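1. Make a model of this:
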Amino acid sequence: MRANMRGLILGCAATALLAAAPVTARAQSADILTNRAADRQERLVEGAKKEGAVVFYSAMIVNQALRPLADAFMKKYPFVKMTYWRSDTEEIIAKVGAEVRSNNQLVDVIEGTGVGELAIQTNLVQPYFTPLIDDYPRTYRDPKELWTPTRVSYFGAAYNTKLVPPDQVPRTYEDLLHPRWKGKLAWRIGTSSGTPLFLANLRIAWGEDKANAYFDRLAGQKIINFGSGSARTLVDRVVAGEFPVALNIFAHHPLISKAKGAPVNAVLHDPVPATSASMVVAKGAKHPHASLLLVDFILSQEGQQILAKAEYFPARPDTPPLEISAPVVPKNAGVPENFITPEDLNKYTGSSQTIWQEKFR
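-> The predicted model follows:
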């Protein structure tokens, strides 16, 4: 339902943006954002000094990430005042829609898990160029230049170490079919990074026939549909012993709790679904020069190090995550990663939701 509502909000926002932004202003902004000239940096600085501000909407945690990012950015560019607003992706989208419908757009740059799906709706965002993207793997890039990756999420299973002995940890998707797990597995519903991502990962990796045959068998396990909280909340329920195993949670969350003494751990399954939070520039952004300075800063090693300290997985390959989270990076664990682009997640979410309704509801 949240995914459907998000689509409705996006459609309204896109229509409003087209009506709100004058053609000449959009053209000028597009020229700035796609500039590849050798003096690009100098032009951005000169333009940002005149603009004097940039507005950032993000799903990052304020104290851990947004405030340190803003402080570091404004220290580097003291002539730009960066303001930010934090919420979940769906609420960010709703706010953007409300702004454009009232012809009072404030936001320049938007970031969050699932925000890249906005880029698929090309009426809401505009292409932009940043030379920093050359430092990122091609699998993390958008050929249309509508979004750039900021942080990566790896998904796995959490298990309670008091309830699940070491020799019974389900280490493969096939292990989840063991009779001991019937009625004892839980996963998140109502969000695209929950059940739709779990299902889409295997559909993309295995093909429809093999995946659907597996889903038929998995449906017999009577998985508990958890819809009363976030992925973090579900991990907390595993820690409390309410569920022995939770599927498709953010793989580093159990490690953070484990380091604090909680009876929980994470396990990765082959293939590991991975997604990226992404960053887009809103069509009609009032501060295009400052927007690109902010984009470049977040994609730089300095910006990515701030995200690493905030317990995120930097998308930049030369910036490692915190040591506590490193074990669930697929290449460290020796487990293949299946990176699912925002476009593919958007493409598969609706049909995966249908599969869930038919087999698991």
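2. Tell me the secondary structure of Ala246, please.
-> strand (DSSP: H, G, I helix; E, B strand; the rest coil).
3. So the protein: which segments form each domain?
-> Following automatic domain parsing, the chain resolves into domains at 2-152+275-325, 154-274+329-359.
4. any chance of those domains in a markdown table, with mean pLDDT and mean neighbour count too?
-> (C-beta placed from N, C-alpha, C; glycine too.) As requested, the domains of the chain are exported to a markdown table (pLDDT from 0 to 100; neighbours: other Cβ atoms under 10 Å):
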| stretch | mean pLDDT | mean neighbour count |
| --- | --- | --- |
| domain 2-152+275-325 | 86 | 19 |
| domain 154-274+329-359 | 95 | 18 |
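5. And the residue nearest to Ala70 when sequence neighbours are not counted, its phi and psi?
-> Computed as Cβ to Cβ, 6 or more residues apart in numbering, the closest residue to Ala70 that is not its neighbour in sequence is Met82, at 4.7 Å. In terms of degrees, to the nearest 10, the main-chain angles of Met82 are phi -100, psi 120.
6. Quick check: beta-bridge partners of Met82?
-> Beta-bridge pairing of Met82, defined through DSSP bridges, involves Val54.
7. which residues sit in contact with it?
-> The neighbours of Met82, taking Cβ atoms under 8 Å, 6 or more residues apart in numbering as the test, are Ala53, Val54, Val55, Phe56, Ala70, Phe73, Met74, Leu294.
8. Return the residues in contact with the closest residue to Arg171 other than its chain neighbours.
-> Closest residue in space to Arg171, ignoring its immediate chain neighbours: Val267 at 5.9 Å, by Cβ to Cβ, 6+ apart. Residues in contact with Val267 (Cβ under 8 Å, 6+ apart) are Gly156, Ala157, Tyr159, Val169, Pro170, Arg171.
9. Secondary structure for these - can I get that in JSON lines?
-> Formatted as JSON lines, the contacts of Val267 follow (three-state DSSP):
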{"residue": "Gly156", "secondary structure": "strand"}
{"residue": "Ala157", "secondary structure": "strand"}
{"residue": "Tyr159", "secondary structure": "strand"}
{"residue": "Val169", "secondary structure": "coil"}
{"residue": "Pro170", "secondary structure": "coil"}
{"residue": "Arg171", "secondary structure": "coil"}
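10. and of those residues, the nearest to Ala315?
-> Distances from Ala315 to the contacts of Val267, taken as Cβ to Cβ, are shortest for Gly156 (18.4 Å).
11. Identify the residues contacting that closest one.
-> By Cβ under 8 Å, 6+ apart, the contact set of Gly156 is Asn248, Ile249, Ala251, Ala266, Val267, Leu268, His269, Val272, Val328.
12. how close does it sit to Arg217?
-> From Gly156 over to Arg217 the distance is 20 Å, taken as Cβ to Cβ, to the nearest Å.
13. just Asp142 next, same as before
-> To Arg217, Asp142 is 36 Å away according to Cβ to Cβ.
14. that older thread, partner residues bridging the residue nearest to Arg171?
-> For Val267, the beta-bridge assignment (DSSP bridges) gives partners Ala157.
15. go on, the one 10 residues further on?
-> Residues found in beta-bridge contact with Ala277 (criterion: DSSP bridges) are Thr113, Arg151.
16. That one and Ile110 touch, don't they?
-> No. With contact taken as Cβ atoms under 8 Å, Ala277 and Ile110 are classed as non-touching, separated by 10.6 Å.
17. Find the centremost residue of the protein, please.
-> What sits nearest the mean C-alpha location of the chain, by Cα atoms, centre = their mean, is Thr113, with 2.2 Å.
18. if I read this right, it contacts Met279, doesn't it?
-> No. Counting by Cβ under 8 Å, no contact exists between Thr113 and Met279, whose distance comes to 11.2 Å.
19. just the helices in the chain please.
-> Per DSSP state H, the chain has helices spanning 2-20, 23-33, 40-51, 67-76, 89-101, 116-120, 195-206, 208-219, 231-239, 252-259, 288-299, 301-309, 330-333, 342-359. These are given in chain order.
20. Which of those sits closest to Phe129?
-> Between Phe129 and those, the shortest gap by Cβ to Cβ is with helix 23-33, which sits at 6.9 Å.
21. who touches the residue of the chain most remote from its centre in this structure?
-> For the chain, the largest distance from the centre (Cα atoms, centre = their mean) belongs to Pro179, which lies 33.6 Å off. Pro179 is in contact with no residue at all, counting by Cβ under 8 Å, 6+ apart.
22. circling back: just put the contacts of Met82 in JSON lines and tack on distance to Gly350.
-> Compiled in JSON lines, those are given as follows (distance: Cβ to Cβ, whole Å):
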{"residue": "Ala53", "distance to Gly350": "38"}
{"residue": "Val54", "distance to Gly350": "34"}
{"residue": "Val55", "distance to Gly350": "31"}
{"residue": "Phe56", "distance to Gly350": "30"}
{"residue": "Ala70", "distance to Gly350": "36"}
{"residue": "Phe73", "distance to Gly350": "37"}
{"residue": "Met74", "distance to Gly350": "41"}
{"residue": "Leu294", "distance to Gly350": "32"}
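23. from those residues, which single one is nearest Asn103?
-> For Asn103, the nearest member of the contacts of Met82 is Val55. The distance, counting by Cβ to Cβ, is 16.0 Å.
24. Grab the CA positions of stretch 246-261 and hand them over as CSV.
-> The C-alpha trace of stretch 246-261 is given here as CSV (Å, rounded to 0.1, in the frame of the first residue of the first chain):
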residue,chain,number,x,y,z
ALA,A,246,14.1,-12.6,10.5
LEU,A,247,14.6,-12.4,6.7
ASN,A,248,15.8,-9.5,4.5
ILE,A,249,16.9,-7.1,7.2
PHE,A,250,19.8,-4.6,6.9
ALA,A,251,22.7,-7.0,7.5
HIS,A,252,24.7,-4.7,9.7
HIS,A,253,22.0,-4.0,12.2
PRO,A,254,22.5,-7.4,14.0
LEU,A,255,26.2,-6.7,14.2
ILE,A,256,25.7,-3.4,15.9
SER,A,257,23.4,-5.0,18.5
LYS,A,258,25.8,-8.0,18.8
ALA,A,259,28.7,-5.6,19.7
LYS,A,260,26.6,-4.3,22.6
GLY,A,261,26.1,-7.8,24.0
